[in-house]
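Undergrad: Show me the folded form of this:
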Amino acid sequence: MDVIVTPIDEGRTWNLTDLLGRPMGRITEASAQQFTVHPAGHALETMAGIERGPFASLDAALAAIEKHTRGVCRRSPGEDQA
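TA: Numbering: from 1, shown residues only. Prediction:
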């Protein structure tokens, strides 16, 4: 399952949606090197059992999602790397 990652909240929270725009949850940064995955909506079943963190970086959290879902996490078009 492919996931689109869109930053909100001044770069401390990222929304996760599928390719059809359905909500899949979010990733939050509580403090430096403390990124946590929060599945929601359609992802509750898809991400059941996923390691939620904390992760040392946003990329590490995205890699965990990709590994678990066997999909690709893509940043929304025009968004810079975090």
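
Undergrad: how near is E51 to V3?
TA: Computed as CB to CB, to the nearest Å, the E51 to V3 distance reads 16 Å. To be clear about C-beta, it is placed using only N, CA and C from the backbone, and glycine gets the same treatment.

Undergrad: biggest helix in the protein, by residue count?
TA: Secondary structure of the chain per DSSP state H: the longest helix is helix 58-69.

Undergrad: tell me how far it is from the chain's mean position?
TA: Distance, stretch centre to chain centre, for helix 58-69: 7 Å (CA atoms, centre = their mean, to the nearest Å).

Undergrad: Can I get it in CSV? Just the C-alpha atoms.
TA: The C-alpha coordinates for helix 58-69 follow below in CSV (Å, rounded to 0.1, in the frame of the first residue of the first chain):
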residue,chain,number,x,y,z
LEU,A,58,11.2,10.8,10.0
ASP,A,59,12.9,8.7,7.3
ALA,A,60,13.3,5.8,9.8
ALA,A,61,9.5,6.0,10.7
LEU,A,62,8.7,6.0,6.9
ALA,A,63,11.0,3.0,6.4
ALA,A,64,9.1,1.1,9.2
ILE,A,65,5.8,1.8,7.4
GLU,A,66,7.2,0.7,4.1
LYS,A,67,8.6,-2.5,5.5
HIS,A,68,5.3,-3.3,7.3
THR,A,69,3.0,-2.5,4.5
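
Undergrad: ok, E51 and V3, which is more surrounded?
TA: Neighbour count, other CB atoms under 10 Å: between E51 and V3, V3 has more, with 22 against 13.

Undergrad: I figured that one hits A63, correct?
TA: No: contact criterion CB atoms under 8 Å: V3 and A63 do not qualify, at 11.8 Å.
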